[in-house]
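Asks: Next comes the sequence, and after it the predicted model I'd like to discuss.
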Amino acid sequence: MTHTAFEPVSLAGIKLKNRIIRSATYEAMADEKGFPTEKLKKLYINLAKGNAGAIITGNAGVQANGKASLFTMTMIDNDDKISAYREITDAVHEYDTPIIMQIVHCGRQTRSKITGLPTVAPSAIRDGFYSEDKPKELSDNEINEVIDNFVAAIVRTKQAGFDGVQVHLAHGYLLAEFLSSHTNRRKDRWGGSTENKYRIIGEIFKRAKELVGDYPILVKMNAHDGRRNGMRIEEAACIAQMLEKSGCAAIEVSCGCFEDNLYTIRSEKLPAEAAMKYTFKFKKLPGFIKAIAIPIAKTFIIQPKPLLKYNLDAAIQIKKAVSIPVIVVGGINNIDDINDIIGKSKIDFVSMCRPFIIEPDIVSKFKKGTQAKSKCIMCNHCAVMLEVQPLQCHYGRLPKTKS
């Protein structure tokens, strides 16, 4: 049977109006304690009005030492936040749109200067981008604490009225760090074999299922991470099968980590000026060094290829390994590609990030036929600026704000 993008469909009991999902996108619209703001609520309402098949929220932290170092991260680390999120889910549901919360522990991809706590990881290996901190290797007891905090967060998402939860296993965050041999060098029951590296995730599913039953738990996972001795598609396919056995509702396929952000969020042109001006890694460099570095970076840093549909081949391989729904994200920006992915490639759902930033109503435009391609030019200024301000489209312009 050939499916189409705009047919109503069910995902683990969640009813969607179409197969086009808003992928989790870091919004930076929380208050200083991690509570969602009215601005974030309005963003989700606009996505619902725009006919997104489902909304996956930007990642919410499950534990204080796993909070992102970017601007104002949402948290789901305490019961006192449940009612605030319930206001959001109630508002979104008025438009018959499901909303799924993504939860995360950032692992070594954060800064102790921001969290006030030591960074942690499966192994004490310094991150190539967040290099100012050498992470502490988690003890057995601390790993169990992480598991319990993920489980507690899953329970809270259900209590807050979210239609499901997505556990973030991708992009170099803590659970991805356990899965990748690039970051997991442990010799105990949490490292070594694929089964051992997966153990922490299996335990999250096992303990959560005991409390939330058939509540849909999705994941976002790397098919590969671009690192030497890291995740490869063959191992990812095995992990996908383990996820299915654990009761995973659906798998969103992505790639990469912060050590090479260009690999995950691809762009034709390097946003070098914005990165040098606003990111913690480069903004304190002397001006003369920046003046030299910017043209060198633009000339010699090779942008990963392809720019479009860059996770599709991996998603097809994952789909062959499992019977649960598969979602593909990455460089998808036009209705023709969406129809091909769903109709010909037999992937169940597509998800988009950047197209929804510039046009929250992009799905409505696709369905009406008034527009066939996103207006997003993939400049990536939206991503660079998340360190200092909330999410917005800058459309290729160098943002003007305090550094």
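Replies: That came through fine. Numbering: from 1, shown residues only.
Asks: contacts, neighbours, all on C-alpha from now
Replies: Fine.
Asks: now the helices for the stretch 151-300 of the chain?
Replies: 174-179, 194-212, 233-246, 261-264, 272-278, 287-300 (DSSP state H, counting those that start in this stretch).
Asks: In JSON lines, list those along with mean neighbour count.
Replies: Converted to JSON lines, these look like this (neighbours: other Cα atoms under 10 Å):
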{"stretch": "helix 174-179", "mean neighbour count": "28"}
{"stretch": "helix 194-212", "mean neighbour count": "18"}
{"stretch": "helix 233-246", "mean neighbour count": "18"}
{"stretch": "helix 261-264", "mean neighbour count": "19"}
{"stretch": "helix 272-278", "mean neighbour count": "20"}
{"stretch": "helix 287-300", "mean neighbour count": "12"}
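Asks: Residue 349 is nearest to which of these?
Replies: Closest approach to residue 349 among those (Cα to Cα): helix 233-246, 16.3 Å.
Asks: Hey, what's the angle from that closest one to helix 194-212? Just curious.
Replies: 30 degrees (axes from the mean of the first three to the mean of the last three Cα atoms, to 10 degrees).
Asks: Let me know the average pLDDT across helix 233-246.
Replies: For helix 233-246, mean pLDDT is 98.
Asks: With stretch 259-267 instead?
Replies: 78.
Asks: Nearest to residue 322, out of the helices of the stretch 151-300 of the chain?
Replies: The closest of the helices of the stretch 151-300 of the chain to residue 322 is helix 233-246. By Cα to Cα, the value is 5.9 Å.
Asks: Could you list the residues in contact with that closest one?
Replies: Outside of helix 233-246, the residues within contact range by Cα atoms under 8 Å, 6 or more residues apart in numbering are 194, 198, 202, 205-206, 222-224, 251, 314, 317-318, 321-324.
Asks: can you put the helices of the stretch 151-300 of the chain in TSV and add distance to residue 62?
Replies: Output for the helices of the stretch 151-300 of the chain, formatted as TSV (distance: least, Cα to Cα, whole Å):
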stretch	distance to residue 62
helix 174-179	11
helix 194-212	13
helix 233-246	20
helix 261-264	23
helix 272-278	27
helix 287-300	36
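Asks: Mind checking the ones you listed for the one nearest to residue 387?
Replies: Closest to residue 387 of the helices of the stretch 151-300 of the chain, according to Cα to Cα: helix 272-278, at 7.3 Å.
Asks: hang on, the earlier thing: now flag whichever of the contacts of helix 233-246 is closest to residue 38.
Replies: Taking Cα to Cα as the measure, residue 38 lies nearest residue 251 of the contacts of helix 233-246, at 30.0 Å.
Asks: ok, so what distance separates that closest one from residue 92?
Replies: Residue 251 sits at a distance of 23 Å from residue 92 (criterion: Cα to Cα, to the nearest Å).
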